[in-house]
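In: kindly return the folded structure for what I paste below:
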Amino acid sequence: VVVVYKKRTSEDNNNNNNNSSVCSSMFASVKTIKTVLSLFLAIALSERSSSSSSSSVRAAYDNNDRAGAFIGWHGEITRPEALERLQGEHQEEEQRQRRHANTTNTSRRHQSFVREQLVMQHRKPKPSHHASTIAETTTGSFLIAWFAGQFESKPDCAIYIARYQQHLEKFSEQPELVVPAGRGGIANWNPVLFKRSNGDVLLFYKQGKTPTQWRGFYKKSRDNGNTWSEQIEMPLGVIGPAKNKPLELDDGTLLLPSSREFGVRGKDWEIVVEGMTVEGEFKTYARIAVNEKGSAGQIQQRVIQPVFWKQSPSIGSQQNGEISGIRMLARSRSSYVVAAVGDSTGRIWTDAVYSQIPCPNTGFDVVKLRDGRLLIIYNHSFKHAIAGRGVLSLAISYDDGDTWEHVMRLEDSAGRLLEFSYPAIIQASDGLVHATYTWRRANIKHVIIDPAKIPTQSLNKRKNFLDQGGGGVSMLGGFEKLPRSISREV
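Out: Purely as a prediction, here's the structure:
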């Protein structure tokens with residue numbers, strides 16, 4: 001506040017009229033000061049009031065709860081400056097995780113739980129780590145990839161890989177840089193590993209400042225990931241898998257579970273089914289949105305990051321030994337996973353509908369076991385933004401996704417705003433299930449599950465289950481609104 005006043009002179013002292021004028025001016029100045037101070041007070045109160053909607057985020061930040069301080073792109077965490085402030089907390093928790101690494105069948109876990117371990121045990125190349133993927137290259141040998149940088153979308157985001165040897169029960173000492181940060185401030189995003197039946201290991205990834213500007217790339221390895229080809233750019237309009245692993249068809253074609261984010265700040269979404277032939281040619285097969293309100297005229301393009309699996313012969317009609325259909329689940333911003341059914345080529349699909357599986361606007365993954373059961377690893381929550389990523393769960397389906405039953409919680413933040421998200425899941429050659437996921441954006445966690453120790457039939461179908469104190473099992477519907485198969489005549 002600046003006060004402007006008139007200095008009294010000797011002439012003013014000898015002039016009563018001037019004295020009166022000066023007094024009046026000073027009185028007016030005092031009133032002005034009071035008015036200005038009142039205005040500043042009102043602005044301060046207004047600022048405080050306007051910030052009330054983010055009070056939980058600020059409170060979390062003040063209480064050293066790192067994830068609670070970050071709300072960013074599509075609900076993901078940002079504000080990398082908070083990393084340093086809470087580095088000590090993460091180091092302490094990581095040390096605790098190392099002490100309990102390789103713990104088997106702990107009392108807080110389901111009997112099928114085998115082992116958990118942080119990928120980076122010692123040195124980490126970057127402060128923030130996200131969007132992991134996993135593939136088995138040879139029996140008992142695995143590659144895990146993810147992107148890391150100052151934070152998501154930052155120009156230093158590069159793609160790293162780590163190697164896991166099951167017989168040693170440990171990861172390589174130092175992550176390997178496989179895709180450096182792009183030129184001109186271009187970030188790398190969402191790597192996806194996949195080993196084809198011909199032995200080629202593919203690493204798909206995206207580059208762009210935001211998902212609306214993604215361009216698709218991949219690298220190929222013919223020696224199980226020991227060496228990689230030069231970067232190969234996909235054709236314009238093809239970006240490859242958005243997050244989850246491809247599905248290989250009988251003719252060797254890969255169905256790529258892709259999606260697009262466009263519009264203002266990428267708020268419009270749609271699923272895109274792409275194909276990659278054995279010769280490396282790319283095609284776009286289908287684009288899928290979801291009908292939110294049951295009216296053909298009210299399509300909401302808000303679905304991304306699908307995952308595919310082949311229908312079991314008992315579900316789809318069988319012709320000449322070929323499974324007749326493919327099923328899809330995908331992420332949405334409307335609290336539930338969406339589902340769709342396609343033909344055996346992946347080129348024709350039903351409309352997508354909402355399932356009963358919770359989806360707090362975050363990615364998930366599904367694996368079909370060799371015995372026909374399905375496992376889904378997902379965030380079981382109806383909360384929004386980062387709050388929905390504090391519980392990571394595993395559920396099973398005995399009927400190809402029609403219904404799901406909860407198995408266990410892999411992570412539970414107990415109400416704190418911590419992130420456990422973007423999982424990937426596969427079944428290894430020995431039958432064990434391996435999953436990786438983002439651990440607080442500070443590391444990647446690897447867990448092993450023995451599906452043989454998960455009941456082979458629905459708990460809800462067991463006689464007297466409720467009487468035995470089981471309490472019942474929550475059944476989540478998946479495909480009950482969709483046809484059980486689809487023909488090319490649709």
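
In: strands along the stretch 301-450 of the chain, start to end?
Out: Taking DSSP state E, counting those that start in this stretch, the strands of the stretch 301-450 of the chain run over residues 303-310, 318-319, 322-323, 325-332, 335-343, 353-359, 365-368, 374-379, 391-397, 403-412, 420-427, 433-439, 443-449.

In: that should have said the stretch 101-250 of the chain, apologies.
Out: In the stretch 101-250 of the chain, the segments counted as strands under DSSP E, counting those that start in this stretch are 113-118, 128-138, 141-149, 158-165, 170-171, 176-179, 188-195, 201-207, 215-221, 232-233, 247-248.

In: quick one: low-confidence ranges for the stretch 151-300 of the chain?
Out: 290-300 (pLDDT under 70).

In: again, 80 this time
Out: Residues of the stretch 151-300 of the chain meeting the criterion pLDDT under 80: 182-185, 289-300.

In: could I have the CA atoms of stretch 405-417 written out in PDB?
Out: Only the C-alpha atoms of stretch 405-417 are listed here, as PDB (Å, rounded to 0.1, in the frame of the first residue of the first chain):
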ATOM      1  CA  GLU A 405     -14.600 -62.900  -8.200                       C
ATOM      2  CA  HIS A 406     -12.100 -61.100  -6.000                       C
ATOM      3  CA  VAL A 407      -9.000 -63.000  -5.000                       C
ATOM      4  CA  MET A 408      -6.800 -60.600  -3.000                       C
ATOM      5  CA  ARG A 409      -5.500 -57.100  -2.600                       C
ATOM      6  CA  LEU A 410      -1.900 -56.800  -3.700                       C
ATOM      7  CA  GLU A 411      -1.600 -53.200  -2.400                       C
ATOM      8  CA  ASP A 412      -3.700 -51.100  -0.100                       C
ATOM      9  CA  SER A 413      -2.800 -47.500   0.800                       C
ATOM     10  CA  ALA A 414      -5.200 -47.500   3.800                       C
ATOM     11  CA  GLY A 415      -6.700 -44.200   2.700                       C
ATOM     12  CA  ARG A 416      -3.400 -42.500   1.900                       C
ATOM     13  CA  LEU A 417      -3.000 -40.900  -1.500                       C
END
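
In: what is the rounded mean pLDDT of it?
Out: Here stretch 405-417 scores 93 as its mean pLDDT.

In: what comes up buried for that stretch?
Out: Residues of stretch 405-417 classed as buried: 405-408, 410-411, 413, 417 (neighbour count, 16 or more other CB atoms under 10 Å). (Each C-beta comes from the backbone N, C-alpha and C, glycine too.)

In: cool, stretch 149-166 as well?
Out: 149-164, 166.

In: same question, stretch 191-205
Out: Those would be 191-195, 201-205, for stretch 191-205 by 16+ other CB under 10 Å.

In: and the furthest pair within those residues?
Out: 195 and 205 (16.0 Å; CB to CB).

In: quick check: the closest residue to residue 338 other than its chain neighbours vs residue 336, distance?
Out: Nearest non-adjacent residue to residue 338, counting by CB to CB, 6 or more residues apart in numbering: residue 352, 4.5 Å away. Between residue 352 and residue 336 the distance is 11 Å, computed by CB to CB, to the nearest Å.

In: neighbour count: these two, which is higher?
Out: residue 352 (25 against 19; other CB atoms under 10 Å).

In: looking at the buried residues of stretch 191-205, which is nearest residue 184?
Out: Among the buried residues of stretch 191-205, and counting by CB to CB, the member closest to residue 184 is residue 205, at 16.9 Å.

In: residues in contact with the closest one?
Out: Contacts of residue 205 were listed using CB atoms under 8 Å, 6 or more residues apart in numbering, and they are 147, 159, 179, 188-192, 217-218, 240.

In: want to try a markdown table for those residues, with distance to residue 302 as columns?
Out: Below are the contacts of residue 205 laid out as a markdown table (distance: CB to CB, whole Å):
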| residue | distance to residue 302 |
| --- | --- |
| 147 | 24 |
| 159 | 28 |
| 179 | 29 |
| 188 | 25 |
| 189 | 19 |
| 190 | 18 |
| 191 | 24 |
| 192 | 22 |
| 217 | 26 |
| 218 | 27 |
| 240 | 21 |
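
In: out of these, who's nearest residue 367?
Out: For those, the nearest to residue 367 is residue 192 (14.2 Å; CB to CB).

In: wait, isn't the closest one in contact with residue 243?
Out: Yes: using CB atoms under 8 Å, residue 192 is in contact with residue 243, at 6.9 Å.

In: what residues are up against residue 453?
Out: So residue 453 contacts 110-112 (CB under 8 Å, 6+ apart).

In: ok, of these, which come out buried?
Out: By 16+ other CB under 10 Å, these give 110, 112 as buried.

In: from the contacts of residue 453, which land in helices?
Out: Among the contacts of residue 453, no residue falls in helices (DSSP state H).

In: and the contacts of residue 453, which is closest to residue 236?
Out: Once CB to CB is applied, the member of the contacts of residue 453 that ends up nearest residue 236 is residue 112, at 44.9 Å.

In: distance check, the closest one against residue 373.
Out: Counting by CB to CB, the gap from residue 112 to residue 373 is 12 Å.

In: return the per-residue confidence for residue 320.
Out: So, for residue 320, pLDDT stands at 48.

In: using TSV, lay out the buried residues of stretch 405-417 together with distance to residue 134.
Out: Formatted as TSV, these follow (distance: CB to CB, whole Å):
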residue	distance to residue 134
405	24
406	23
407	19
408	19
410	15
411	17
413	23
417	26
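
In: before we move on, the earlier item: could you dump the strands of the stretch 301-450 of the chain to TSV with distance to residue 129?
Out: Listed next are these as TSV, based on distance: least, CB to CB, whole Å:
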stretch	distance to residue 129
strand 303-310	19
strand 318-319	44
strand 322-323	37
strand 325-332	20
strand 335-343	25
strand 353-359	23
strand 365-368	17
strand 374-379	18
strand 391-397	16
strand 403-412	15
strand 420-427	10
strand 433-439	7
strand 443-449	6
